[in-house]
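J.: Pasted the sequence and its predicted model underneath.
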Amino acid sequence: MTVLPANPMSPRPFRILKVVRELSDTFTLLLQPETGGAFSFRPGQFNMLYVFGAGEVPISISGEPAEDRQLVHTIRSVGPVTQALGRLKAGDVVGVRGPFGTPWPVEDAFGDDLAIIAGGVGLAPLRPAIYQALANRPRFGKLIIMYGARTPQDILFRKELEKWRSRFDVNVHVTVDHATGQWAGRVGVVTKVVAKAGFDPLHTTALVCGPEVMMRYAVEALEERGVAASKVHVSMERNMKCGVGLCGHCQWGPHFVCRDGPVFRFSDVAALFPVREL
Amino acid sequence: MVQIEGLGRIIDEHPFFRGIDGKFRSLLVGCAANERLDAGQYLFRQGGHADKFYLVRAGSLQLEVHAPGRTIVVDTVDEGEIVGWSWLVEPYRWTFDARAVTLLRLVSFDAKCLRGKMEADAELGYEVLRRFVPVIGQRLAATRLRLIDIYGPGE
């Protein structure tokens, strides 16, 4: 059960400190509370970001969980509100409600190998979990990050991936679906990386985030390797509106994704995954 | 003799032939050879005669297609995988270029030699084919996934 903010329906003004252009259609906003004070969250949680005059969208928090003075969101422009967010500049103000939803169970994975599988912009909601895992590195077995992107130009947080890869205690595998001859890295689907990554399937916790199709195949690859469905966690995306499980827009079978998710234990939702109507 | 014993052990240890019966391994060894390739060199070229297939022991390679002005990388093949099934079906021509990304260590199998043994010994033929089919299936599934363009606009 998650702890809700004091007034979950009332947006709090946050000023944009900086806008970082990550990819052609993806950017990161660094935000600070207008009224001062701290903002704490757990990796995997999301906020409702309100662009005045445009609307509100659920966006996962992509920053460092230990940093409570600055809020970080990485956003892909795909609709009117995210496009409006993309037009904002440093100094502009947005409304923030949250944090909402369930976190990645990083602490429950202590003692296990931790397999982090991300696809596309799905790396953003997992980045806080990676920070938390790195801060607690001795408490895990292997730490393996598997990331798939469309092309080499679409690799999110490229410098950080390179930095993590340069550590001796993290395995980072990056693969792209399409590339030209200039790319010396791996080409192929991320599920192939899962099949070959050197984790111990009996003692592995997996965190998976990306397009739903990619997650389905990634979970299949994990299960083929022998990872139990109860140790696989996925982050779902649905039409979140209220953020607190009242409005029902994000209902997914018996669950409200905003309240019972976005992070679900796969064994709890496995039956819902293949249902087209949901 | 030492080399043949070494090849038998390598074949045994490679994931593609793991657990293979000793009688089949002996037949395979008769068609096998150790090879190495430096980074940047081509293992084979599109349209060339597919007279071998390879177990990748170490290193990685890219399967590529040339288009005017650019090279498109189709897939990466790593240690523990195989390269090439064009040797199995007529007209025995490679359908891609294969270029070493790193130093490659391989075991190659002479296609004519192996096809001859598979035709003479149906059990061996079945054993080899039943190991190839899942690989072909996995690569087809991976190709279909990439066709969906899951990371594309409207993700």
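T.: Okay, I see it.
J.: Could you use CA atoms for every contact and neighbour count after this?
T.: Will do.
J.: Would you mind listing what in chain A touches chain B?
T.: With Cα under 8 Å from any Cα of the partner chain as the criterion, chain A meets chain B at residues A:78, A:119-120, A:149-150, A:177-181, A:184, A:186-189, A:192, A:211, A:213-214.
J.: Quick check on the residues you listed: which are buried?
T.: For the residues of chain A next to chain B, a burial check counting by 16 or more other Cα atoms under 10 Å in any protein chain shown picks out A:119-120, A:149-150, A:177-181, A:186-189, A:192, A:211, A:214.
J.: Which two of the residues you listed have the greatest separation?
T.: Greatest spatial distance among these (Cα to Cα): A:181 and A:211, at 26.4 Å.
J.: out of the buried ones among the residues of chain A next to chain B, who's nearest residue A:101?
T.: residue A:211 (18.7 Å).
J.: And that closest one, what's its pLDDT?
T.: pLDDT, residue A:211: 92.
J.: got it, and the one 3 residues further on?
T.: Model confidence at residue A:214, expressed as pLDDT, equals 91.
J.: Helix, strand, or coil at it?
T.: With DSSP: H, G, I helix; E, B strand; the rest coil as the basis, the three-state label of residue A:214 is helix.
J.: Tell me which residues of the strand or helix carrying residue B:72 come out buried.
T.: Per DSSP states H and E, residue B:72 falls inside strand B:70-78. Within strand B:70-78, the residues that count as buried by 16+ other Cα under 10 Å are B:72-78.
J.: and the residue of the stretch 101-250 of chain A found nearest chain B, what does it touch?
T.: Ranked by Cα to the nearest Cα, the top residue of the stretch 101-250 of chain A for proximity to chain B is residue A:180, at 4.3 Å. Going by Cα atoms under 8 Å, 6 or more residues apart in numbering or on different chains, residue A:180 touches B:70-73.
J.: measure it to residue B:103 for me?
T.: Distance of residue A:180 to residue B:103, computed by Cα to Cα, to the nearest Å: 20 Å.
J.: What residue in chain B comes nearest to chain A?
T.: Counting by Cα to the nearest Cα, chain B gets nearest chain A through residue B:72, at 4.3 Å.
J.: how near is the residue lying closest to that residue once chain neighbours are set aside to residue A:187?
T.: Once flanking residues are discounted, residue B:72 sits nearest to residue A:180: 4.3 Å by Cα to Cα, 6 or more residues apart in numbering or on different chains. When distance is defined by Cα to Cα, residue A:180 is 10 Å away from residue A:187.
J.: Now do the shared contacts for those two.
T.: Shared contacts of residue A:180 and residue A:187, counting by Cα under 8 Å, 6+ apart, come down to residue B:73.
J.: In JSON lines: the contacts of residue A:180, plus pLDDT.
T.: JSON lines is the format used below for the contacts of residue A:180 (pLDDT from 0 to 100):
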{"residue": "B:70", "pLDDT": "87"}
{"residue": "B:71", "pLDDT": "88"}
{"residue": "B:72", "pLDDT": "90"}
{"residue": "B:73", "pLDDT": "92"}
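J.: all strands of chain B, in order?
T.: Using DSSP state E, the strands of chain B run over residues B:32-37, B:42-44, B:52-58, B:60-67, B:70-78, B:82-83, B:97-100, B:104-110.
J.: same question, the stretch 151-278 of chain A
T.: Remark: strands assigned in the stretch 151-278 of chain A by DSSP state E, counting those that start in this stretch are A:171-176, A:179-180, A:186-187, A:204-209, A:232-235, A:251-252, A:255-256, A:263-265.
J.: swap in the stretch 1-150 of chain A?
T.: Along the stretch 1-150 of chain A, the stretches classed as strands by DSSP E, counting those that start in this stretch are A:12-23, A:26-33, A:46-51, A:55-60, A:71-76, A:93-100, A:113-119, A:143-149.
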